[in-house]
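>>> Need a 3D model of the following:
(chains A and B)
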Amino acid sequence: MRLPKLVLKTSNTSLVMESTSLIALASLLLLVQLPHILNLPIWVSLAGSALIGLRVYALKTPHNPNWHWVFSTASITTLAILGALCIKLHYGYFLGRDPCVAFLFLLVSLKFAEYRRSADATLLLGLSCILLLTQYFYSQSMVSAIVTLPAVFALGHALAVLRDPTHPLARKPQLKLVGKLLLQGLPIAAALFILFPRPPSPLWSLPNDAAGQTGLSDTMRPGDIGNLSQSDEVAFRVEFNGPPPAQSDRYWRGPILTQFDGYTWSPDSRQLESYPASEVPGALEYTVMLQPHNQRWLFALDQPVSIPEANGQPAPPSSKSQYASLSVTGQLKARKPITRLTRYTQRSTVSDQFRPAVGPNRSELAYPSNMPRTVELVNSIKAESDSPLDFVQKVMQRFNQLEYYYTLQPGLLGDAPVDEFLFDTRRGFCEHYASAFTLMMRAAGLPARVVTGYLGGEMNDDYMIVRQSDAHAWSEVFIDGMWRRYDPTSAIAPSRVEQGLRNALNQTSEDAFSTLNRFSWGSRLGLAWDSINHDWQRWVVDFNNRSQASLYERFGLPALALWQVTALILGVIALWCLWVLKTPLSQFTRRLPLPDKLWQQFEQRLKLHNIERERHESPQAFVERACRELPHCRAQISAVADPLLLLRFAQLTEQEKEKYVSQIKGELKRLRKALAEKPRYSASNTPTRSSL
Amino acid sequence: MSSVSPLPQSIQPSVSLVLDELDGVLFGKRHQCELALTCLLSRGHLLIEDVPGVGKTTLARALGQLLGLDWKRVQFTNDLLPADVVGVSIFNTDQQQFQFKPGPVFTQLLLADEINRAPAKAQSALLEAMEERQVTVDGETHSLPLPFFVIATQNPGEQRGVFGLPESQLDRFLMGLSLGYPDAGQERALLAQGDTRAQVESLKTRVDLSTLQSWMDAVDEVHIADEVLAYLHDLVLATRNESTGLSPRAALGLVRAARAYAFVKNRNHVLPDDVQAVFAPVAGHRLTGSVSAGARAADALIRSISAP
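Modelled structure (predicted):
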């Protein structure tokens, strides 16, 4: 079925547009816009898609005069300016990821509505490619890659349609052609993916890339971790270079919080940097693939003994890393917020106590005044204890023996939250216990602090998944020159530490954990899916200059400089193009046989006078046409062509050949002169009277 | 360019003489006459397809007359029997044995008029004669005189009362031609002259049998360059892309026809132009079963292949 042609006339141009290419472009744009709908404000998506729909709808009534002004340059420009203003109003700023993508989204639709010439189609194809790529600003997961596949196919389809819009192929051969094109593109894409030089750091970075990502924040209020633990999102994945530690030893230290204002725990901003002295024997080595969380925390097991460099490898001992720092408190921190998937190899000593280079400071003894009952309790326990260690043990026993509940719904606390929690409600999540425990230690004169991070992790084949639901808080107490880890939660709900959060909650309370599935087949499916995602992240998203270098190394290839790789790739692409275009190299290098060369010269001479041989035109028919069109050169044309045709097609002796070749060469020169002369139409309209 | 005249001086004048004489009775059909002569010189049979009354029979008769060939004519009708074409064995009571009475096929030039009006059985009686140049009746094989040409005429398929020729028989015709109406000026001249029948009768024989034989031998000597042969092969291959294309037999016929056409055009070598000129007549009826539709298909194929 052939669709009607759309004829648009504006004041300056007459526009004819094949509806097949218009529809191909429309479907491409809609498919490109589709993945963005979730990322952009609803009015942008609606306006953009509606414009495309309107332009396609206009095909139905191409002669309606109203369309002329609707799609005129003036109205399109007005709409573009209006759109830009609205976007600025909506976001409050313009130069940023979201408003720019929204504006591009609108522009693509507007350009489509304004579609006139085939050059517009080329521009639209380019724009849609860019818009398709901006999708990866939001997500680089495998799902978002799969979502773009229909758009990629539509892109190929639009290219094929626009190649020759007046002779569209039937549907089936068209689809076959597009499929073939894309399949031919696959090896190029794969080769480029693997070989294309990758800079060690991104050429540009977008602010707020990880905005809205969940993760531990740098402060802790009651309920923070409880909220976080209801998210099943992956926080990071870990590959161990050796056997992973036991479940109860998987304390991933994150923000270390020392300041308490009666409600909120926050970190000490002034922290000295430390440099791990040398290789520590028995350190556990592992690689963390950290999801972007827009904070600077890097997570490590107990005590980090190395600092990652920008390339993800540990920095050499006793030196500073440009990428991250390690504080004397054992806090590992990147110098910039983590806004993209980050991979680093880390070494730690796994132990629940360690000796710091610098002793505790005064702020680690401070506690608020609104906890008189707690102080009283601490003093009474302290009186019974004969050493600090004994004291800590007694506090832990108290948590264990009295009725305390481990729950996500602790209830509200009033003006003296610590007292109320310890003596009245007795219901809390890990942050309540860690907070109360730390303050009790401080009240007893023992320096103590809260550490947040993750506890646990689930092994999936050869790697470990740590989710937001593994978020945890615990305490560290300074006794006898050592920081010792105490986890009061383990006293209340030991299974939290030993088996994980789900089991702990199932046993100790009636909390419904709706987001966590308890069916084994469901969780197995989830783990399989995470395994695929992990591979995707490991091999595709995380493929960087380092992986590239190691790949080269594995195949024994020399490490090439950036320009060498670029030259290599361009060369391979050139060869590929030659092969695909079926242009044999010999065509460039082969010397034509003499008769063909002479014929080529003859053709070129006539081509200068706008007589060009068509592909299928036979030589003699061409000569006759040339004679007809250049009557004043008729005699000279035949003088070249007759022996030339004999030379090319007749059976001649060598002497005859030589004779003809020299004859033709002479006649070719004369032909050039004859052609250069102006035709004397006034003098002789009859070609037979030609003076030549 | 006398130095490049390719054919012996003695031959060319008589070839153009024959063409001129043909032109005299068929007004403005020079190209078709050349092709018809080409077909005979390449030892092929000719199929002429057109509406009645445009000169199909005249062309066939004039050719026979001019080339001094012994010719017979069979008007094909829907009750024609095979025996009416090839002959029949009759019991001779005097000699007490069967005697073969040759049919009209025993001649040098057989004009099979309106061949597609006869049913398939009679049509196929021609098959063996055309390909093998011999006839078998009652188990006895009789050779046909040499040379042996069949010029068949047929009405376009859409006319009433026609039996389309089967592909196998179409393939036995080297060329299919269509004459078409003469253009206005030439038709006026025809009307002024009146009936051409008497004129055909009065045509003198211009070529004797040995000359015709020497022409055919000369056709075999015409040179075809590798480049031209490759082009011809490209065309043949192109016919096979879409549907059933040309058979190797047809391809060989195409080479012969291109040579003969070059000969008729007074050249001792084949140009790509010759290949293009004979491609539609040779390939057309084989590709579509109809001469006119075939010519269009063949032209489209020529346009799709680059010429050397």
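>>> When you work out contacts or count neighbours from here on, use the C-alpha atoms and nothing else.
OK.
>>> so where is the stretch 151-300 of chain B shaky, pLDDT-wise?
B:157-161, B:242-243 (pLDDT under 70).
>>> show me where it has helices.
Along the stretch 151-300 of chain B, the stretches classed as helices by DSSP state H, counting those that start in this stretch are B:167-170, B:184-193, B:197-201, B:209-221, B:226-242, B:248-264, B:272-288, B:291-304.
>>> In CSV: the ones you listed, plus distance to A:Ser21 and mean neighbour count.
Converted to CSV, the helices of the stretch 151-300 of chain B look like this (distance: least, C-alpha to C-alpha, whole Å; neighbours: other C-alpha atoms under 10 Å in any protein chain shown):
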stretch, distance to A:Ser21, mean neighbour count
helix B:167-170, 42, 15
helix B:184-193, 46, 12
helix B:197-201, 61, 13
helix B:209-221, 54, 16
helix B:226-242, 27, 16
helix B:248-264, 42, 23
helix B:272-288, 34, 24
helix B:291-304, 25, 18
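>>> export the ones you listed to a markdown table and tack on distance to A:Cys129?
Shown next, in a markdown table, are the helices of the stretch 151-300 of chain B (distance: least, C-alpha to C-alpha, whole Å):
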| stretch | distance to A:Cys129 |
| --- | --- |
| helix B:167-170 | 54 |
| helix B:184-193 | 61 |
| helix B:197-201 | 75 |
| helix B:209-221 | 62 |
| helix B:226-242 | 37 |
| helix B:248-264 | 50 |
| helix B:272-288 | 46 |
| helix B:291-304 | 35 |
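>>> Same list (the ones you listed) but as a markdown table, adding distance to chain A.
Output for those, formatted as a markdown table (distance: least, C-alpha to the nearest C-alpha, whole Å):
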| stretch | distance to chain A |
| --- | --- |
| helix B:167-170 | 28 |
| helix B:184-193 | 23 |
| helix B:197-201 | 34 |
| helix B:209-221 | 11 |
| helix B:226-242 | 8 |
| helix B:248-264 | 11 |
| helix B:272-288 | 5 |
| helix B:291-304 | 5 |
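>>> Look at stretch B:115-122 and report the distance between its end residues.
9 Å (C-alpha to C-alpha, to the nearest Å).
>>> contacts for it?
Stretch B:115-122 is contacted by residues B:75-82, B:85, B:123, B:152-155, B:161-165 when judged by C-alpha atoms under 8 Å, 6 or more residues apart in numbering or on different chains.
>>> Just the residues you listed: which are in strands?
B:Gln75, B:Ala152, B:Thr153, B:Gln154 (DSSP state E).
>>> out of these, which one sits closest to A:Asp120?
B:Gln154 (55.7 Å; C-alpha to C-alpha).
>>> Surely that closest one is in contact with B:Glu49?
Yes - when contacts are counted by C-alpha atoms under 8 Å, B:Gln154 is listed as touching B:Glu49 (4.9 Å).
>>> just the buried members of the contacts of stretch B:115-122?
Buried by 16 or more other C-alpha atoms under 10 Å in any protein chain shown: B:76-77, B:80-82, B:85, B:123, B:152-155, B:162-165, out of the contacts of stretch B:115-122.
>>> what's the domain layout of chain A?
Annotated domains of chain A cover A:6-184, A:363-449+A:473-521, A:545-580, A:594-689 [automatic domain parsing].
>>> and the last one, anywhere near chain B?
Yes - for a cut-off given as C-alpha under 8 Å from any C-alpha of the partner chain, domain A:594-689 has contacts with chain B, namely A:Arg615, A:His616, A:Glu617, A:Ser618, A:Pro619, A:Gln620, A:Ala621, A:Leu645, A:Arg648, A:Phe649, A:Ala650, A:Gln651.
>>> These, buried ones only, as a PyMOL selection?
A single PyMOL command selects the buried members of the residues of domain A:594-689 next to chain B (16+ other C-alpha under 10 Å):
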select buried, chain A and resi 616+617+618+619+620+645+648+649+650+651
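>>> Sitting in helices, which of the residues of domain A:594-689 next to chain B do you find?
Applying DSSP state H to these, the entries found in helices are A:Pro619, A:Gln620, A:Ala621, A:Leu645, A:Arg648, A:Phe649.
>>> Let's have those in CSV, adding pLDDT.
Output for these, formatted as CSV (pLDDT from 0 to 100):
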residue, pLDDT
A:Pro619, 89
A:Gln620, 89
A:Ala621, 90
A:Leu645, 89
A:Arg648, 88
A:Phe649, 88
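>>> Just the closest of those residues to B:Arg188, please.
Once C-alpha to C-alpha is applied, the member of these that ends up nearest B:Arg188 is A:Ala621, at 30.2 Å.
>>> which residues does whatever residue of chain A ends up closest to chain B contact?
Nearest to chain B in chain A, going by C-alpha to the nearest C-alpha, is A:His616, at a distance of 4.3 Å. Counting by C-alpha under 8 Å, 6+ apart, A:His616 touches B:Ile302, B:Arg303, B:Ser304, B:Ile305, B:Ser306, B:Ala307.
>>> try A:Leu31
A:Thr148, A:Pro150, A:Ala151, A:Ala154.
>>> Give the buried residues for stretch B:90-107.
B:Phe100, B:Pro102, B:Gly103, B:Pro104, B:Val105, B:Phe106, B:Thr107.
>>> Kindly report the same for stretch A:154-173.
In stretch A:154-173, counting by 16+ other C-alpha under 10 Å, buried: A:Ala154, A:Leu155, A:Gly156, A:His157, A:Ala158, A:Leu159, A:Ala160, A:Val161, A:Leu162, A:Pro165, A:Pro168.
>>> does the third one sit in a helix or strand, and which one?
Under the criterion of DSSP states H and E, A:Gly156 resides in helix A:149-163.
>>> Need the max-distance pair from the ones in strands among the contacts of stretch B:115-122.
B:Gln75 and B:Gln154 (10.9 Å).
>>> Out of the contacts of A:Leu31, which end up buried?
Among the contacts of A:Leu31, those classed as buried by 16+ other C-alpha under 10 Å are A:Thr148, A:Ala151, A:Ala154.
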